[in-house]
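In: need a 3D model of the following:
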Amino acid sequence: MLNLKYFISTLKHLIMTDKAKILIGFLSLMLGFNLSD
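Out: Below you'll find the model as predicted:
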């Protein structure tokens, strides 16, 4: 089981990085495919 607090803190750190933009874009794309399925 993933530690939610660790995941959130890591996510907050990623948001402050340029890589986060790519990650968020990828996740949004995956969510789009899942919703349209």
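
In: what about the residue nearest the centre of the chain, which helix or strand?
Out: With distances taken as C-alpha atoms, centre = their mean, residue 24 lies nearest the centre of the chain, 4.9 Å away. Using DSSP states H and E, the element containing residue 24 is helix 18-36.

In: circling back: now the residue nearest to the centre of the chain: closest residue in space that isn't a chain neighbour?
Out: Excluding the flanking residues, the one nearest residue 24 by C-beta to C-beta, 6 or more residues apart in numbering is residue 15, at 8.0 Å. From N, CA and C alone the C-beta is placed, and that goes for glycine too.

In: the one you found: how many residues sit nearby?
Out: If you count neighbours by other C-beta atoms under 10 Å, residue 15 ends up with 11.

In: what distance do you get for it to residue 35?
Out: Distance, residue 15 to residue 35, by C-beta to C-beta, to the nearest Å: 22 Å.

In: can you check residue 17 too?
Out: As defined by C-beta to C-beta, residue 17 lies at a distance of 26 Å from residue 35.

In: between these two, which is the more surrounded one?
Out: For the pair residue 17 and residue 35, the greater number of neighbours falls to residue 17 (10 against 7), based on other C-beta under 10 Å.

In: just the pLDDT for the more buried one.
Out: Looking at residue 17, its pLDDT is 80.

In: same question for residue 36.
Out: On pLDDT, residue 36 comes in at 69.

In: got it, and residue 2?
Out: Looking at residue 2, the pLDDT reads 69.

In: and residue 12, by the same measure?
Out: 83.

In: hang on, the earlier thing: tell me what the helix holding residue 24 is packed against?
Out: helix 4-15 (3 or more C-beta pairs under 8 Å, 6 or more residues apart in numbering; DSSP states H and E).

In: CA atoms of the helix it packs on as PDB?
Out: What follows is helix 4-15 as a C-alpha-only set of coordinates in PDB (Å, rounded to 0.1, in the frame of the first residue of the first chain):
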ATOM      1  CA  LEU A   4      -0.500   8.700   1.000                       C
ATOM      2  CA  LYS A   5       1.400  11.300   3.000                       C
ATOM      3  CA  TYR A   6       4.600  10.400   1.200                       C
ATOM      4  CA  PHE A   7       2.900  10.400  -2.200                       C
ATOM      5  CA  ILE A   8       1.300  13.900  -1.600                       C
ATOM      6  CA  SER A   9       4.600  15.400  -0.400                       C
ATOM      7  CA  THR A  10       6.300  13.900  -3.500                       C
ATOM      8  CA  LEU A  11       3.600  15.200  -5.700                       C
ATOM      9  CA  LYS A  12       3.900  18.700  -4.200                       C
ATOM     10  CA  HIS A  13       7.600  18.600  -4.900                       C
ATOM     11  CA  LEU A  14       7.000  17.400  -8.500                       C
ATOM     12  CA  ILE A  15       4.600  20.300  -9.100                       C
END
